[in-house]
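Visitor: Have a look at this prediction, sequence included:
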Amino acid sequence: MKLPLRLALALALVMFCHGISTATDAPAGAGDGPHWKVRIEVLMVALPQNECLALLPDLRDSMKIDGAVTKILDLVGKKQAILTGYPVVQTLDGQRAVSESILEKRYATEYTPPEPPPTPTSSPADSAAAAPALPPKTNPEGNVPSAMPTAFETRNMGVTLEVEPTVSKAGDIITLNLVPQRVDLFDLDFFDAGTAPNGKKVQLSQPQFLTTKDTTTISVKSGEHLLIGVHPLVKPADYIEVFIVQAIATPIK
């Protein structure tokens, strides 16, 4: 059945206008980048072993963890626990962020072997007229002479947080790819590097580093705390370090 030309043109005009209305009624900015900003913080605290073991059941319970965090902060305030780190970073949904509070520790990795002091070449008469010779230099360990460093490395000591958040459409669940890490100077390790002409052993030192680190992917409710790491420490002895994360998503207006 053929439609009259006038009716056909009217229907075409209605359909054209409906298409324009459908396109312009789409919400402005839909799909244009992230709609959430996210704040992520990791509480790092070293607790005496007995205190930590008593709090672990509450730290693992989503209904009780907030109360346990309050107790931990109270212990820190009373100097009964050690705040080892508290990195906080803010980023956008889906964007990687890094927080660093570090000190660069440079140390020698290669040395030249110790060399004997130079042999005098002057005549006895010249030696008599010369001023008295100064004693050879000693290294911190009191050995003669020292080996000389020829190569160095640098290690970052302190706290680092790497994180990439993904927020659910409703904004209530946040998935985190995160790597919280703390590096500390643990001790110095001494080793023999040779024997000096006077018979004493030449000793050199190398730093020993203590690292506590978690690499994980977890989901957490916005605003809630979650225990992500438990690390028994060698120094201080009989202490346990815990990592507790909190992420909060806020809509971008």
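Guide: Done, it's in.
Visitor: Please name the residues that touch V42.
Guide: Going by CB atoms under 8 Å, 6 or more residues apart in numbering, V42 touches G85, Y86, P87, L161, L178, P180, I228, F243, I244, V245. For glycine as for every other residue, the C-beta is placed from the backbone atoms N, C-alpha and C.
Visitor: wouldn't the first one be in contact with Q181 here?
Guide: Think G85. No - using CB atoms under 8 Å, G85 makes no contact with Q181, being 9.1 Å away.
Visitor: Name the residues contacting each of these two.
Guide: With CB under 8 Å, 6+ apart as the test, G85 and Q181 both reach V159.
Visitor: In a strand, G171, correct?
Guide: No - using DSSP: H, G, I helix; E, B strand; the rest coil, the assignment for G171 is coil, not a strand.
Visitor: Can you give me the neighbour number for the residue lying closest to it once chain neighbours are set aside?
Guide: Of all residues not flanking G171 in the chain, A249 sits nearest, at 4.8 Å (CB to CB, 6 or more residues apart in numbering). Look at A249: counted by other CB atoms under 10 Å, it has 22 neighbours.
Visitor: show me what contacts A249?
Guide: Residues near A249 by CB under 8 Å, 6+ apart: W36, K37, V38, D93, P165, V167, G171, D172, I174, S222.
Visitor: Distance of it relative to I173?
Guide: 9 Å (CB to CB, to the nearest Å).
Visitor: Overlap of the contact sets of these two?
Guide: V167, S222.
Visitor: got a pLDDT number for the residue nearest to G171?
Guide: At A249, the model reports a pLDDT of 96.
Visitor: Can you pull the phi/psi pair for it?
Guide: Dihedral pair for A249: phi -100, psi 130, per degrees, to the nearest 10.
Visitor: quick one, strands of the stretch 101-250 of the chain?
Guide: Counting by DSSP state E, counting those that start in this stretch, the segments of the stretch 101-250 of the chain that form strands are 148-167, 173-195, 201-213, 216-221, 225-232, 239-251.
Visitor: Quick one: the ones you listed as TSV, columns for distance to G77 too.
Guide: TSV is the format used below for those (distance: least, CB to CB, whole Å):
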stretch	distance to G77
strand 148-167	20
strand 173-195	21
strand 201-213	22
strand 216-221	25
strand 225-232	18
strand 239-251	16
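Visitor: Could you tell me the least trusted of these?
Guide: Of all the strands of the stretch 101-250 of the chain, strand 201-213 carries the lowest average pLDDT, namely a mean of 78.
Visitor: Against A170, how distant is the nearest residue to I82 once chain neighbours are set aside?
Guide: Leaving aside its sequence neighbours, I82 sits nearest to A46 (CB to CB, 6+ apart; 4.2 Å). In this structure, A46 and A170 are 36 Å apart, going by CB to CB.
Visitor: So for the two, which sits in the more crowded spot?
Guide: More crowded of A46 and A170, by other CB under 10 Å: A46, with 21 against 8.
Visitor: who's in contact with the more buried one?
Guide: A81, I82, T84, L233, P236, Y239, I240, E241.
Visitor: Nearest to K253 among the residues you listed?
Guide: T84 (36.1 Å; CB to CB).
Visitor: if I read this right, the closest one contacts L47, doesn't it?
Guide: No - with contact defined as CB under 8 Å, T84 does not reach L47; the gap is 10.2 Å.
Visitor: Name the residues contacting each of those two.
Guide: Counting by CB under 8 Å, 6+ apart, the residues touching both T84 and L47 are E241.
Visitor: With neighbour numbers in mind, choose between these two.
Guide: L47 (23 against 20).
Visitor: how close does the more buried one get to V88?
Guide: Distance from L47 to V88, by CB to CB: 21 Å.
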